[in-house]
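Novice: coords please:
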Amino acid sequence: MGSAADCRDEFIKVGIGSTEFETLVQTRRRVRGYQNESLAREVIEEIIQVAKGASSSMNTQPWDLYAVTREPLNRINEGNTENMVTGLKSQCEFPPRKK
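Specialist: Numbers count the residues shown, from 1 in each chain. Coordinates of the predicted model:
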């Protein structure tokens, strides 16, 4: 994993200046308040299609994508919250596929 300076240098290479990079880092935010509405399956499928086109080292595409909704998602959230509160280390819910 590269340092912040490495990331800044990469942004500069593609035309984003150092000041712009610093502003980007300093103003980023996380959204943790979600709407209580499900996304349409078509929207999820479109997001996955776009994600499948992301570049990877030597086009290895070493990822697996899972879309989990409703009750299974609630169980995962509850388990993750319980683990965090009790101090347990994160675990992979889905073991990686053997290729």
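Novice: rest of the way, CA atoms for contacts and neighbours
Specialist: Noted.
Novice: For this protein, just list every one of the helices.
Specialist: Here the chain has its helices, by DSSP state H, at 4-13, 18-27, 41-52, 70-86.
Novice: rank these by pLDDT, which is bottom?
Specialist: Lowest mean pLDDT of the helices of the chain: helix 4-13, a mean of 68.
Novice: Which parts of this protein belong to which domain?
Specialist: Annotated domains of the chain cover 1-30, 34-89 [automatic domain parsing].
Novice: could I get those as CSV with mean neighbour count?
Specialist: Listed next are these as CSV, based on neighbours: other Cα atoms under 10 Å:
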stretch, mean neighbour count
domain 1-30, 11
domain 34-89, 10
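Novice: My guess is residue 61 contacts residue 55. True?
Specialist: Yes: using Cα atoms under 8 Å, residue 61 is in contact with residue 55, at 7.3 Å.
Novice: which residues touch residue 25?
Specialist: By Cα atoms under 8 Å, 6 or more residues apart in numbering, the contact set of residue 25 is empty.
Novice: From residue 79, how far out is it?
Specialist: 31 Å (Cα to Cα, to the nearest Å).
Novice: and what of residue 72?
Specialist: 11 Å.
Novice: Could you do residue 88 as well?
Specialist: Distance of residue 88 to residue 79, given as Cα to Cα: 11 Å.
Novice: Ok, which of the helices of the chain comes nearest residue 33?
Specialist: Smallest distance to residue 33 across these (Cα to Cα): 14.4 Å, for helix 70-86.
Novice: and of the helices of the chain, who's closest to residue 35?
Specialist: So among those, helix 70-86 is nearest, using Cα to Cα, at 13.5 Å.
Novice: which residues touch the closest one?
Specialist: By Cα under 8 Å, 6+ apart, helix 70-86 touches 89-90.
Novice: do that again at 6 Å, thanks
Specialist: The contact list for helix 70-86, computed with Cα atoms under 6 Å, 6 or more residues apart in numbering, is empty.
Novice: got it, and stretch 47-60?
Specialist: The contact list for stretch 47-60 (Cα under 6 Å, 6+ apart) is empty.
Novice: chain center to it: distance?
Specialist: How far stretch 47-60 lies from its chain's middle: 13 Å, per Cα atoms, centre = their mean, to the nearest Å.
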